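Enquirer: Make a model of this:
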Amino acid sequence: QVQLVESGGGLVQAGGSLRLSCAASGRTFSNYAMGWFRQAPGNGREFVGAISWSGGRIYYADSVKGRFTISRDNAKNTGYLQMNSLKPEDTAVYYCAANPGNNYYTIPHDYNYWGQGTQVTVSS
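Expert: Residues are numbered from 1 along each chain as shown. The predicted model follows:
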């Protein structure tokens, strides 16, 4: 199995930027598709975006399209979520997830492995 650890969260003003990292260990990271999700208090886990194992296919939720960028460096076993033009409504705990194979999914249930999450707070 693969272990995931997110980092890079914090407090930022509206309009600012953050880059989250998701470090993987345990198995060959390049064999896994990766997704990013977020969960605000009182809400379910929301899909943010996903990337295939090669990085050749990337999909974003409409709410973040044009502001967030997902990438990965398989040589470093790390995935990234670059978040620009942040809004207060982006405030949430952000999670990375992984699933073996090249298909990515938008539903949390379809991912086998999860990180512990990192808090992102955007002040107005």
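
Enquirer: Tell me which helix or strand the residue nearest in space to the middle of the chain sits in.
Expert: The centre of the chain sits closest to Trp36, judged by Cα atoms, centre = their mean, with a distance of 2.7 Å. Taking DSSP states H and E as the criterion, Trp36 maps to strand 32-39.

Enquirer: List of residues touching that strand?
Expert: Residues from elsewhere that reach strand 32-39 (Cβ atoms under 8 Å, 6 or more residues apart in numbering): 2, 20, 22, 24, 45-53, 70, 72, 79, 81, 90, 92-106, 108, 111, 113, 117, 120. Yep, even glycine has a C-beta here, placed from its N, CA and C like the rest.

Enquirer: ok so, going back, report the beta-bridge partners for the residue nearest to the centre of the chain.
Expert: Gly49, Cys96 (DSSP bridges).

Enquirer: Tell me how far it lies from Ser7.
Expert: Going from Trp36 to Ser7 by Cβ to Cβ, to the nearest Å gives 13 Å.

Enquirer: For the two, list the residues in contact with both.
Expert: Leu20.

Enquirer: From Thr78, how far off is Ala23?
Expert: 5 Å.

Enquirer: Run a quick neighbour tally on Gly15.
Expert: Neighbour count for Gly15, taken as other Cβ atoms under 10 Å: 11.
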